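J.: Predicted model, plus sequence, below.
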Amino acid sequence: MKCIAYTGGYKYQLKEPYCVKTDVKPALYIYTEYISLDTSGNIIISEGYAWDGPSGPTVDTLNFMRGSLVHDALYQLMRERYLDHIYHREASDRTLQRLCLEDGMSSIRAWGVYHAVRLFADPAASPSSIKPIIYAPDGCQ
């Protein structure tokens, strides 16, 4: 039987590389298959990167998409232990807020977004939150 292995939870896929300055400045350059982050905070997210968009009880608006992309990439680096999730989470959350404001989100909504991730998103940054691998069809592994 031919099997596939995949992870779930993604809604969007980047169709061209994206680069932006973040507030996260690691001690060493980080390079993964889809994400690069230099010591000055410049992140490059490669074409093909998949993310779930804005999380929680919210609407996936255009002024939230760029922030959600970068925030999800930074949180992935924390889950995969390239970044320390306790030390770098605040700067990642501030980057989300800043990008949303730059993209025209109201300051009240951006404030709410920031505080929601501060209150509820710590598990998503934790290395214990790696997405499980799913095998299909039934009986594969």
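T.: Right, received. Where do you want to start? All values derive from a computational prediction rather than experimental measurement.
J.: Only C-alpha atoms from now on, for both contacts and neighbour counts.
T.: Noted.
J.: all strands of the protein, in order?
T.: 4-6, 12-13, 18-21, 30-31, 35-37, 42-45, 50-51, 134-136 (DSSP state E).
J.: For those, give me CSV that also has distance to Asp122 and mean pLDDT.
T.: Formatted as CSV, the strands of the chain follow (distance: least, Cα to Cα, whole Å; pLDDT from 0 to 100):
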stretch, distance to Asp122, mean pLDDT
strand 4-6, 24, 88
strand 12-13, 22, 96
strand 18-21, 22, 98
strand 30-31, 21, 98
strand 35-37, 20, 98
strand 42-45, 21, 98
strand 50-51, 17, 96
strand 134-136, 24, 90
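J.: Pipe these into CSV and attach mean neighbour count and distance to Ala91 per row.
T.: Conversion of the strands of the chain to CSV gives the following (neighbours: other Cα atoms under 10 Å; distance: least, Cα to Cα, whole Å):
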stretch, mean neighbour count, distance to Ala91
strand 4-6, 11, 30
strand 12-13, 14, 24
strand 18-21, 15, 12
strand 30-31, 14, 16
strand 35-37, 22, 14
strand 42-45, 20, 13
strand 50-51, 20, 19
strand 134-136, 13, 32
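J.: In CSV, list the ones you listed along with distance to Thr58.
T.: Formatted as CSV, the strands of the chain follow (distance: least, Cα to Cα, whole Å):
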stretch, distance to Thr58
strand 4-6, 26
strand 12-13, 16
strand 18-21, 24
strand 30-31, 31
strand 35-37, 26
strand 42-45, 24
strand 50-51, 16
strand 134-136, 27
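J.: Fine, thanks again, bye for now.
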